[in-house]
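Undergrad: here you go, sequence then predicted model.
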Number of protein chains: 2
Amino acid sequence: MHKFILMEENYLTYPKHFVAVDCIIFGFDGDDLKILLVQRNFEPKKGEWSLMGGFIDDKENSDQAANRVLNTLTGLENIYLEQLNTYTEIDREPTARIMSISYYALINIQDNIQINEKYSAKWFDFKDRPDLIFDHNVMVKDAVLRLRRRATTRPIGFELLPEKFTMKDLQNLYEAIFDEKYDKRNFTSKINALDVLVKTNEKDMSSSKKGSFLYTFDEEKYNKKISEGFMFKI
Amino acid sequence: MHKFILMEENYLTYPKHFVAVDCIIFGFDGDDLKILLVQRNFEPKKGEWSLMGGFIDDKENSDQAANRVLNTLTGLENIYLEQLNTYTEIDREPTARIMSISYYALINIQDNIQINEKYSAKWFDFKDRPDLIFDHNVMVKDAVLRLRRRATTRPIGFELLPEKFTMKDLQNLYEAIFDEKYDKRNFTSKINALDVLVKTNEKDMSSSKKGSFLYTFDEEKYNKKISEGFMFKI
DNA sequence: ACAAAAGTGTTCGTCTTACACCCATGT
DNA sequence: ACATGGGTGTAAGACGAACACTTTTGT
């Protein structure tokens, strides 16, 4: 039978635990959804692929830890990060009991990122990612579900696309996230109905002879819509 | 500048933390959404209202800890519990740094619950709950958002209603969760379209002279629908 | 002139919403 | 007989899904 441990006096007699964060880092290159993974350079499981993680320090909260980890790996600041789940199985890592709070990040690959070489990190096609250590596969599966939910709730492109993008880019992004194909006409009119994009008069000439118009997000309108609680359903 | 703490060798040099669980316990009495709160019987904030919580032991994961806490308070087993967020602000409690993983529970108040008297717990109308200690108000706000999301994704009545219930009960429950009123005819036909209820030939005579039919959930159909990924939108 | 991608509207069916009257029964 | 809550259907509008042709321009 289990010894009772409830919130009572004498805090200090209770056990303490290692707590880490692990980041599921999503990117988009215009065609495919990507995930940034690191190759472990220490035992156990040295050489295998894993999420980028780090322990939480005494002087930071978990959001700060996740930002720090991400910044150490990519040099980026102010990245979109969202807490997901906390994994607490006793034997989830073999070395010691370590709880882990997962975070997912959305980053725009085009911001030329200087990946810290110390961590042997690599972008993988999401659909073609390697098997990961420990429970990291589960974390990734949970994260993509959240990403999809988030994408139905708000147009997520802000974070994953460059400042200017074509309608095709945006459609490719949604198709990559949901692993589905959409009709171009329906997609366009749904996006236009949202009324959060601004059509610039520049064209991207790289993909066709005709060229396709570039759009930007109207951040103000977008934030207004969010605060009014709109839902974006593809 | 911050000292780097990343996942590397020498796990044991990293700091450890207190980690607790806190339970947001929802109930439904047929009319109103309820929340079960406990009055602290120790300092700090002795006498004030809070969520029921407890520290995570070395030999249990957080789900088990949440179940234990809930069981200690109510004597109930196998309650629907779902992990929510993890709160890690350094000063979220004044005594020591304690991280807390929140869980929400759905319980059917009619199962005559023997609340452990040691904890001076009390059911409050959700809309009329007292101010809570620390960041527990935030936890509750986050929890009700999740409850609403969950309720749009699956008919949640299983957990919050007694085995047999009237259509009115179910409507009252959804109205309580969303704090909105629905049209009786539309509600009924939407529920019927879901095809997960079984109409018994018993009536509840307590609410009217005519009496109203009692329903049960068809658990098999319900699980089948869930696995097919249906969405229940009110 | 042709190849290759961009851009654009309409129709049909389904779902959502608004709305009001009769029913069964106990008193 | 009447008061109380229970139970039911329909019409109008909004929304989602399916679908194909014209435009532009570089080669």
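TA: Cool, got the structure. Numbers count the residues shown, from 1 in each chain, chains lettered A, B, ... in the order given.
Undergrad: going forward, measure contacts between C-alpha atoms and count neighbours the same way
TA: OK.
Undergrad: all helices for chain A, in order.
TA: Assigned by DSSP state H, the helices in chain A fall at A:62-74, A:136-153, A:157-160, A:167-178, A:184-194, A:219-227.
Undergrad: contacts for the first one?
TA: With Cα atoms under 8 Å, 6 or more residues apart in numbering or on different chains as the test, helix A:62-74 has contacts from A:21-23, A:52-57, A:76-79, A:81, A:83, A:101, A:103, A:113-116, A:119, B:6, B:88-89.
Undergrad: now swap in the fifth one and tell me
TA: Contacts with helix A:184-194, where a contact means Cα under 8 Å, 6+ apart, come from A:167, A:171, A:197, A:232, A:234.
Undergrad: flag the shaky bits of chain A, pLDDT-wise.
TA: A:1-11 (pLDDT under 70).
Undergrad: around DNA strand D, which positions in it sit nearby?
TA: Applying Cα under 7 Å from any atom of the strand, we find that chain A lies next to DNA strand D at A:183-186, A:190, A:209-211, A:233-234.
Undergrad: about what we covered before: taking the contacts of helix A:62-74 one by one, which sit in strands?
TA: By the criterion of DSSP state E, membership of these in strands covers A:21-23, A:52-55, A:81, A:83, A:101, A:103.
Undergrad: so which of those residues reach chain B?
TA: Taking Cα under 8 Å from any Cα of the partner chain as the test, chain B is in contact with A:53-55, A:83, A:101 out of those.
Undergrad: so who does A:Phe126 touch?
TA: By Cα under 8 Å, 6+ apart, the contact set of A:Phe126 is A:32-35.
Undergrad: specify which member of those is nearest to A:Leu12.
TA: Lowest distance from A:Leu12 to the contacts of A:Phe126 (Cα to Cα) belongs to A:Ile35, with 40.5 Å.
Undergrad: what's opposite that closest one in the beta bridge?
TA: A:Phe26, A:Phe124 (DSSP bridges).
Undergrad: which bits of chain A sit near chain B?
TA: Going by Cα under 8 Å from any Cα, the residues of chain A near chain B are A:5-9, A:11, A:14-19, A:42-43, A:53-62, A:69, A:83-86, A:88-90, A:96, A:101.
Undergrad: hang on, the earlier thing: which of the contacts of helix A:184-194 are close to DNA strand C?
TA: Checking the contacts of helix A:184-194 against DNA strand C by Cα under 7 Å from any atom of the strand, the ones in range are A:Met167.
Undergrad: let's have the contacts of helix A:184-194 in CSV, adding neighbour count and distance to B:Ala176.
TA: Output for those, formatted as CSV (neighbours: other Cα atoms under 10 Å in any protein chain shown; distance: Cα to Cα, whole Å):
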residue, neighbour count, distance to B:Ala176
A:Met167, 19, 41
A:Gln171, 21, 38
A:Leu197, 18, 37
A:Phe232, 16, 25
A:Ile234, 15, 29
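Undergrad: quick test: name the residue nearest the centre of chain A.
TA: A:Ala105 (2.9 Å; Cα atoms, centre = their mean).
Undergrad: ok, what's across the strand from it?
TA: When assigned by DSSP bridges, A:Ala105 has beta-bridge partners A:Ile25, A:Leu81.
Undergrad: that one and A:Val138: what is the separation?
TA: Going from A:Ala105 to A:Val138 by Cα to Cα, to the nearest Å gives 16 Å.
Undergrad: do the same with A:Thr13
TA: With Cα to Cα as the criterion, A:Thr13 and A:Val138 are 33 Å apart.
Undergrad: okay, the two: which has more neighbours?
TA: Between A:Thr13 and A:Val138, counting by other Cα atoms under 10 Å in any protein chain shown, A:Val138 is the more crowded of the two (11 against 8).
Undergrad: give me the buried subset of the ones next to chain B among the ones in strands among the contacts of helix A:62-74.
TA: Buried residues within these, counting neighbours by 16 or more other Cα atoms under 10 Å in any protein chain shown: A:53-55, A:83, A:101.
Undergrad: closest to chain B among these?
TA: Distance to chain B, by Cα to the nearest Cα, is smallest for A:Gly54 among those, at 3.9 Å.
Undergrad: any idea how far the closest one lies from A:Thr88?
TA: 15 Å.
Undergrad: could you do A:Pro15 as well?
TA: For A:Pro15, the distance to A:Thr88 equals 14 Å [Cα to Cα].
Undergrad: if we can go back for a sec, tabulate the residues of chain A next to DNA strand D (a markdown table), appending distance to B:Ile109.
TA: Listed next are the residues of chain A next to DNA strand D as a markdown table, based on distance: Cα to Cα, whole Å:
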| residue | distance to B:Ile109 |
| --- | --- |
| A:Asp183 | 48 |
| A:Lys184 | 51 |
| A:Arg185 | 51 |
| A:Asn186 | 47 |
| A:Lys190 | 44 |
| A:Lys209 | 67 |
| A:Lys210 | 66 |
| A:Gly211 | 63 |
| A:Lys233 | 36 |
| A:Ile234 | 39 |
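Undergrad: and which of those is nearest chain B?
TA: Out of the residues of chain A next to DNA strand D, the member with the shortest distance to chain B (by Cα to the nearest Cα) is A:Lys233, at 13.1 Å.
Undergrad: how close does the closest one sit to B:Ile107?
TA: For A:Lys233, the distance to B:Ile107 equals 32 Å [Cα to Cα].
Undergrad: then A:Asn223?
TA: Distance of A:Asn223 to B:Ile107, given as Cα to Cα: 37 Å.
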